[in-house]
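Colleague: Curious how this folds, go ahead:
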Amino acid sequence: MILVLRALGVGDLLTAVPALRGLRAAQPDRELVLAAPAWLTPLVGLVGGVDRVVDTPGLGPTRWSGPAPDLAVNLHGQGPQSHRMLAALRPGRLLAFANADAGHTDGPPWRADEHEVDRWCRLLGWYGIRADPTDLALRRPPPTGLPTGATVLHPGTKIPAKRWPADRFAALARALTERGHQVLLTGSADERALAVQVADAAGLSPAAVLAGRTGLAELAALVASARLVVSGDTGAAHLATGYGTASVVLFGPVPPDRWGPPPDRPRHRVLWAGSGDWPTWDGVGSHPTLAALGLDEVLAAVDEAERVVRVSGAVAA
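Modeller: Predicted coordinates for the structure are as follows:
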């Protein structure tokens, strides 16, 4: 049995898809168990290849009660805590980045400046397991009754510093509605107040606010059939990549070369104000790299993403 640790969030799971599939291909006859938060289970089913999920909300004592795994794989981090968490289960072998503090030297070195997808593919490659970093496509979910062809704006992120200002999301929603887009606002239950604030300022009806009213399966279905997604560096952006849905992703303070969509997929547009000299930030609200992105810049990126979709559709026809 293979036990894989990735006890994080939506974007973290989706950037590990190539590595998970690489493991599945390398060990097709072994059960593959993912140690991750149980609430991610609907998305795990859209990844494919994972046999079951063991609820693991984060680092700490594991809830694993079965026999020692033949193989444990740390797709969570560089250690030492995550290494020790898996080593405590006494696996037959542990695949992880080298970490002397955890007593694990059998692995490649950690690189802080590496893209998240490439990082885990490189880890497996060091152990002779091939993983294709371009293999990001997700299974399409069944219909849910939610609107199709909508433009999804996702104004929230778990980290407030990574949010584009709410008033600009409202201005964007207003501008896109005037262009004929059906704008819907998504987010978690904790982000519902933010989505309502954006909708009110944009003059949208309460029915346009889906934040807190959809589960992960419904969000995936909405994004899979959407016209466009605009979001910060968060799970919704990775869903758009997985489904090939046109997207504009607003980055800051973390650069897109760490978490962005593949740069050779032009229907996914990335906006990043750079890592130059910014005014002193008080740690409240949007980071200056997000505040530097204007409405016109985002609208231009929307136009370009949609142009690419139109051109690719014409070529396919």
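Colleague: only C-alpha atoms for contact and neighbour calcs from this point on.
Modeller: OK.
Colleague: List the buried residues in the biggest helix by length in the chain.
Modeller: The longest helix of the chain (DSSP state H) is helix 295-316. Across helix 295-316, burial judged by 16 or more other Cα atoms under 10 Å covers L295, V298, A301, V302, E304, A305, E306, V308, V309.
Colleague: Stretch 50-65 too?
Modeller: Neighbour-count burial for stretch 50-65 [16+ other Cα under 10 Å]: V50, V53, V54, D55, T56, P57, G58, L59, T62.
Colleague: How is the most centrally placed residue in the chain assigned, secondary-structure-wise?
Modeller: For the chain, G11 is the residue whose C-alpha lies nearest the centre (Cα atoms, centre = their mean; 2.0 Å). Put simply, G11 is helix when judged by DSSP: H, G, I helix; E, B strand; the rest coil.
Colleague: who's in contact with it?
Modeller: T234, G235, A236, H238 (Cα atoms under 8 Å, 6 or more residues apart in numbering).
Colleague: now do 7 Å
Modeller: Shown in contact with G11 (Cα atoms under 7 Å, 6 or more residues apart in numbering): T234, G235, H238.
Colleague: Just the residues you listed: which are in helices?
Modeller: Counting by DSSP H, the contacts of G11 place G235, H238 in helices.
Colleague: is it possible to export the contacts of G11 to TSV including pLDDT and neighbour count?
Modeller: Shown next, in TSV, are the contacts of G11 (pLDDT from 0 to 100; neighbours: other Cα atoms under 10 Å):
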residue	pLDDT	neighbour count
T234	96	25
G235	96	22
H238	98	25
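Colleague: quick check, nearest of the contacts of G11 to G285?
Modeller: Comparing the contacts of G11 against G285 with Cα to Cα places T234 closest, at 16.3 Å.
Colleague: isn't P57 right up against A36?
Modeller: Yes: with contact defined as Cα atoms under 7 Å, P57 counts as touching A36 (6.3 Å).
Colleague: shared neighbours of these two, which are they?
Modeller: A7.
Colleague: and V10, how many neighbours?
Modeller: When neighbours are defined as other Cα atoms under 10 Å, V10 has 19 of them.
Colleague: again with P28
Modeller: 12.
Colleague: three-state assignment of it?
Modeller: Reduced to three states by three-state DSSP, P28 is coil.
Colleague: any weak-confidence spans in this protein?
Modeller: 276-279, 314-317 (pLDDT under 70).
Colleague: What segments of it are strands?
Modeller: According to DSSP state E, the chain carries its strands in the segments 2-5, 32-36, 52-55, 71-74, 93-95, 151-154, 183-185, 228-232, 247-251, 268-272.
Colleague: now for the longest helix of the chain, which elements pack on it?
Modeller: Helices and strands touching helix 295-316, by 3 or more Cα pairs under 7 Å, 6 or more residues apart in numbering; DSSP states H and E, are strand 247-251, strand 268-272.
Colleague: right, and those strands - which one's nearest P108?
Modeller: Counting by Cα to Cα, and looking across all of the helices and strands packed on helix 295-316, nearest comes strand 247-251 at 28.7 Å.
Colleague: Give me the sheet partners of the closest one and which way each runs.
Modeller: Strand 247-251 has the following strand partners under DSSP bridges: strand 228-232 (parallel), strand 268-272 (parallel).
Colleague: Report the separation between V54 and R6.
Modeller: Distance, V54 to R6, using Cα to Cα, to the nearest Å: 11 Å.
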